[in-house]
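A.B. asks: Quick one: sequence and predicted model below, then my questions.
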Amino acid sequence: MKLFDVYPLFDVEIVSGKGCHTYDSQGTEYLDLYGGHAVISIGHSHPRYVSRIIEQAQKLVFYSNSVVNSLQQQLADKLGALSGYDDYALFLINSGAEANENALKLASFHTGKKKVIAFAKSFHGRTSAAVKVTDNPRIVAPINDTFEVAFLPLNDIARVEQEMAAGDVCAVIIEGIQGVGGIQIPDAQFLRDLREACTRHGVILILDEIQSGYGRTGKFFAHQHAGIRPDLITMAKGMGNGFPIGGLLISPLFTPAYGMLGTTFGGNHLACAAACAVLDVMNDEHLVDNAATTGRYLIDRLREIPQIKEVRGKGLMIGLEFDGPVKELRHRLLFEQHVFTGASGTNVIRLLPPLSLSREEADDFIGKLKYILS
């Protein structure tokens, strides 16, 4: 049987990793500045993480949500304390797309409406109920039989108010920082105005923190830089350090009811053990603070490089925009300098390293990038 060929693959087979480095089948070491689309939050093969996974796997427990799983409450307690949202409720699922689907369902159940506002170049998943990327600042597009979405320009509160005035909007969904869209950062004042407008119009505010959350920007969630509290927060990626898990934080505005939401694998014992280990390491090793300080240092150093048109980002979520395509630059970084990076569109390199990235590793990347650019 063949694999279904939908991803272009580099001819590199990664077989192991440690911290911010990975190793291929030939023993070559790579500096990992992409972390598998931001899923590696505490570093590859962290010993505390590995130990917790092995301990739980040896118990061979997997059961549905029809019985008590105390690991779910442990995870909720740790997450509430570290994120500052201990008054919210947690619903556990498996992925970011599933988190956004459930957020949209909750918003629709609560308001009785089906219109969603999203923003140009946004990305909220790959399934039938997810909001896709668009470059058009105003498209009304069906995303399944339940919802339709209006894509508006980012940071244009007047257009948002105009759309809400019709009275048919159930939710606004916005990324803390756009990832696939090129590391575009919503203005802090726009987020504050958006929060106020949603409250005034009875619209649910959903913050998609799937890529920008979990400490990546130097706050636990990117929207916390603007000092707002949304109604729903979606999470995944860095939650499990590579183990599939997603989550939805739900404000006290919502009242749960049996049958309202459902999942088969969400919140299973092994996923919860992985996620608990991630939060323990993040807390004990102060990785959110490290993301802030190392990210600031890296951004400042990158802005000194004249060949880069613009450096955007917060913490360790960074976009490097160039005047031309970056495909060849990424290829040379990987195969000549052994550095993994990501991309967004044609002209932007995306950096999403583990939150444990050191200043020395940041300097290592700067030197390799300057060598290629020279």
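C.D. replies: Cool, got the structure.

A.B. asks: So which bits of the one helix or strand Val50 maps to are buried?
C.D. replies: Using DSSP states H and E, the element containing Val50 is helix 47-57. In terms of neighbour count (16 or more other CB atoms under 10 Å), helix 47-57 has its buried residues at Tyr49, Arg52, Ile53, Gln56. Using the backbone N, CA and C atoms, a C-beta is placed for each residue, glycine as well.

A.B. asks: how about the residues you listed in a markdown table, adding distance to Ile308 and pLDDT?
C.D. replies: Shown next, in a markdown table, are these (distance: CB to CB, whole Å; pLDDT from 0 to 100):
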| residue | distance to Ile308 | pLDDT |
| --- | --- | --- |
| Tyr49 | 34 | 98 |
| Arg52 | 39 | 96 |
| Ile53 | 38 | 95 |
| Gln56 | 43 | 94 |
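
A.B. asks: between those residues, which is closest to Gly36?
C.D. replies: Ranked by distance to Gly36 (CB to CB), those are led by Tyr49 at 14.5 Å.

A.B. asks: Can you report how many residues lie near Phe243?
C.D. replies: Using other CB atoms under 10 Å, Phe243 is surrounded by 17 other residues.

A.B. asks: list the contacts for it?
C.D. replies: Ile53, Leu270, Ala271, Ala274, Ala275 (CB atoms under 8 Å, 6 or more residues apart in numbering).

A.B. asks: Next one, pLDDT for Pro142 please.
C.D. replies: The per-residue pLDDT reported for Pro142 equals 40.

A.B. asks: Residue numbering should commence at 184 henceforth.
C.D. replies: With 184 as the first residue, the last one maps to Pro325.

A.B. asks: So which of the contacts of Phe426 wins on neighbours?
C.D. replies: Going by other CB under 10 Å, Ala458 tops the contacts of Phe426 with 29 neighbours.

A.B. asks: Surely that one is in contact with Met422?
C.D. replies: Yes: at 5.2 Å, Ala458 counts as touching Met422 under the criterion of CB atoms under 8 Å.

A.B. asks: anything in contact with each of the two?
C.D. replies: In contact with both Ala458 and Met422: Ile428, using CB under 8 Å, 6+ apart.

A.B. asks: For Asp443, which three-state class applies?
C.D. replies: One thing to correct before we go on: residue 443 is Met, not Asp. Secondary structure, DSSP: H, G, I helix; E, B strand; the rest coil: Met443 is coil.

A.B. asks: Tell me the secondary structure at the residue lying closest to it once chain neighbours are set aside.
C.D. replies: Excluding its sequence neighbours, the residue lying closest to Met443 (CB to CB, 6 or more residues apart in numbering) is Phe292, at 6.8 Å. At Phe292 the chain is in helix, as set by three-state DSSP.

A.B. asks: how close does Phe292 sit to Tyr268?
C.D. replies: 21 Å (CB to CB, to the nearest Å).

A.B. asks: which one of those two has more residues nearby?
C.D. replies: Set side by side, Phe292 and Tyr268 show more neighbours around Tyr268, with 20 against 14, by other CB under 10 Å.

A.B. asks: That one contacts Leu432, correct?
C.D. replies: Yes: the pair Tyr268 / Leu432 is scored as a contact, 5.5 Å apart, by CB under 8 Å.

A.B. asks: intersection of neighbour lists for the two?
C.D. replies: Leu262, Ile416.

A.B. asks: Name the nearest residue to the residue sitting nearest the centre point of the chain, sequence neighbours excluded.
C.D. replies: By CA atoms, centre = their mean, the mean C-alpha position of the chain lies nearest to Gln394, the distance being 1.2 Å. Leaving out its chain neighbours, the residue that sits closest to Gln394 by CB to CB, 6+ apart is Gly362, at 3.9 Å.

A.B. asks: What is the burial count for the one you found?
C.D. replies: 25.

A.B. asks: Hmm, Met500 and it touching each other?
C.D. replies: Yes: counting by CB under 8 Å, Gly362 touches Met500, with 7.2 Å between them.

A.B. asks: what do these two both touch?
C.D. replies: Ala221, Gln394, Ser395, Leu535.

A.B. asks: so where is the stretch 184-333 of the chain shaky, pLDDT-wise?
C.D. replies: Per-residue confidence for the stretch 184-333 of the chain (pLDDT under 70) gives these ranges: 244-247, 309-329.

A.B. asks: if we go to 80?
C.D. replies: Within the stretch 184-333 of the chain, the segments meeting pLDDT under 80 span 243-249, 308-330.

A.B. asks: Can you tell me which of the shared contacts of Gly362 and Met500 lies closest to Gln367?
C.D. replies: So of those, ranked by how close each gets to Gln367 (CB to CB), first place is Ser395, at 10.9 Å.

A.B. asks: tell me which element that closest one is part of?
C.D. replies: Ser395 belongs to no helix or strand when elements are defined using DSSP H and E.

A.B. asks: Would you mind confirming that it makes contact with Ile360?
C.D. replies: Yes: using CB under 8 Å, Ser395 is in contact with Ile360, at 4.2 Å.

A.B. asks: doesn't Gly430 fall inside a helix?
C.D. replies: No: Gly430 is assigned strand when assessed by three-state DSSP, not a helix.

A.B. asks: what sits against the nearest residue to it once chain neighbours are set aside?
C.D. replies: Using CB to CB, 6+ apart and skipping residues adjacent in sequence, the residue nearest Gly430 is Met418, 4.5 Å away. By CB under 8 Å, 6+ apart, the residues touching Met418 are Gly279, Ala282, Glu392, Ile393, Gly396, Tyr397, Gly429, Gly430, Leu431, Leu432.

A.B. asks: let's go with 6 Å and repeat that
C.D. replies: Applying CB atoms under 6 Å, 6 or more residues apart in numbering to Met418 gives the contacts Glu392, Gly396, Gly430.

A.B. asks: ok, now how distant is the second one from Ala286?
C.D. replies: Gly396 is 13 Å from Ala286, where distance means CB to CB.
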